[in-house]
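1. Please find the sequence and the predicted model below.
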Amino acid sequence: MDKRVLRGLDLLLAAVAAGVLALSFWLNVRFGEVTLERISSDSMRVHVDFETFWRSAEAFLRGEDVYDTGATLTNLNPPLWILLSSPLGLLEPLTAYRTFVLVSLTATVGFVAWSAGEARLGGGRAAAVAGAVLLSSPLLATLALGQIYPLLALGLVASWAAWRRGHDRVSGVLMGLVVAVKPSLAPLLLFPLVLGRWGAFGAALLSGAAATLVAAAVVGFGATFEWIRILLESSASPFWDNASLPATAARLFTENRFARPLALLPGAIPLAQLLGVALVALTALRARQDPEAGFWALVAAALLASPIAWHNYLLLLVPGVVLLLARGRVAVATLLLALQLIPPQWPLLWQQGTALASLMLSLYALILLLHWAALLPPRPSSP
């Protein structure tokens, strides 16, 4: 592409990023910054995801049902996470939550610094990325709710770094463990498969299966079957924070209480699921052209195809943004980081029940799609 055209596109992206930053600042001024207050709150009802984990951990230590604990939310996490998080059940709920926040912050700084070091990103730019991530809506909301995404991101970076250094089996083991904790990332197992890294693929399958079986044996096979039943009965939530393709289809094309449907299309959700599978397949094939970026593009595709991909999952794609920045795609990376700064007050602007409002409430889905598109390796060049 002509250099003048590329320069023009970069200027356009930079202008959009500046507009997004101004919008984020205005939203915080207009509605107030509430997420920091939620993080400092003493009420476990605010830290609702962590409350779910903590109650399951406490129930496990007491020998009680780990999936029927009276928590506000249903625990969708596998027995492996209950086993790993069980030490938190030894602490009082608020103390456990604050400990988990510190661990999450440490993991966040760690995965940003690690990915920046692997990508050979300069210290100044790495610090700027870290600052943007620490102020981002996905991280602040993750801390407030007590979610596990920083730990997952750290595990993904560890697997990616091991693969880059030629440690295929170590990479596979780490990948399998991450998938065992968060099965919606299972499409990532296609990464070593399409690259023909059989050692990494086998190690991923074995480590994931072994960790799952050990957790099932320790926590209880009955609990494992209960978790599977819960997953099978769950569906794509049309809540505006759910950025996956099936969730967006549910929000825009079915009756729901979060947005006015643009039209009623009975087959919209299955079609969105098929589209998600197609995106995963396309991304896996393209990953062979640029495995470094393809790894993160496949993570993005897995989120798009999943029934649930909360906006906070964008933390998992920050290392991919770091890679784009290290490769000189400054305008694209800056725009993606700016989009992550849009606060959760955004939906408050769109409560009119109009078609435009429904589309605007799907902004988080667009942001996830843009991350995927930016990370997707290009088509192979013609001979």
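-> The structure has been received and is ready for your questions.
2. could you dump stretch 351-365 to CSV, C-alpha only?
-> Extracted in CSV, the C-alpha atoms of stretch 351-365 (Å, rounded to 0.1, in the frame of the first residue of the first chain):
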residue,chain,number,x,y,z
GLN,A,351,-31.5,3.6,27.5
GLN,A,352,-34.0,5.0,25.0
GLY,A,353,-35.0,1.6,23.6
THR,A,354,-34.3,2.6,20.0
ALA,A,355,-32.6,0.6,17.3
LEU,A,356,-29.6,3.0,17.5
ALA,A,357,-29.4,2.4,21.3
SER,A,358,-29.4,-1.4,20.7
LEU,A,359,-26.5,-1.0,18.3
MET,A,360,-24.6,1.3,20.7
LEU,A,361,-25.1,-1.2,23.5
SER,A,362,-23.1,-3.7,21.5
LEU,A,363,-20.0,-1.4,21.4
TYR,A,364,-18.0,-3.9,23.5
ALA,A,365,-18.6,-6.6,20.9
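3. in that stretch, what's buried?
-> Buried residues in stretch 351-365, counting neighbours by 16 or more other C-beta atoms under 10 Å, are found at 358-365. Placement of C-beta: from N, CA and C, glycine included.
4. swap in stretch 287-296?
-> Those would be 287, 290-296, for stretch 287-296 by 16+ other C-beta under 10 Å.
5. of these, closest to residue 239?
-> Using C-beta to C-beta, residue 296 comes nearest to residue 239 of those, at 25.3 Å.
6. these two touch, right, that closest one and residue 323?
-> Yes. Under the criterion of C-beta atoms under 8 Å, residue 296 is in contact with residue 323, at a separation of 6.8 Å.
7. follow-up on the earlier one: got the buried residues of stretch 287-296 as CSV, with distance to residue 203 and pLDDT columns?
-> Shown next, in CSV, are the buried residues of stretch 287-296 (distance: C-beta to C-beta, whole Å; pLDDT from 0 to 100):
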residue, distance to residue 203, pLDDT
287, 18, 96
290, 23, 96
291, 17, 96
292, 20, 96
293, 23, 97
294, 19, 97
295, 16, 98
296, 20, 98
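8. Check those against residue 109 and report the nearest one.
-> When the buried residues of stretch 287-296 are compared for distance to residue 109 (C-beta to C-beta), residue 296 wins out at 19.0 Å.
9. Can I get the helix or strand harbouring residue 222 as CSV, trimmed to CA atoms?
-> Using DSSP states H and E, residue 222 sits within helix 221-233. Below are the C-alpha coordinates for helix 221-233, written out as CSV (Å, rounded to 0.1, in the frame of the first residue of the first chain):
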residue,chain,number,x,y,z
PHE,A,221,-16.9,-36.5,40.5
GLY,A,222,-20.4,-35.5,41.6
ALA,A,223,-19.4,-31.9,41.6
THR,A,224,-17.7,-32.3,38.2
PHE,A,225,-20.9,-33.7,36.7
GLU,A,226,-22.9,-30.9,38.4
TRP,A,227,-20.5,-28.3,36.8
ILE,A,228,-21.0,-30.0,33.4
ARG,A,229,-24.8,-29.8,33.8
ILE,A,230,-24.6,-26.1,34.7
LEU,A,231,-22.6,-25.4,31.6
LEU,A,232,-25.0,-27.3,29.3
GLU,A,233,-28.0,-25.4,30.8
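10. Can you point out the buried residues in it?
-> 223-224, 226-227.
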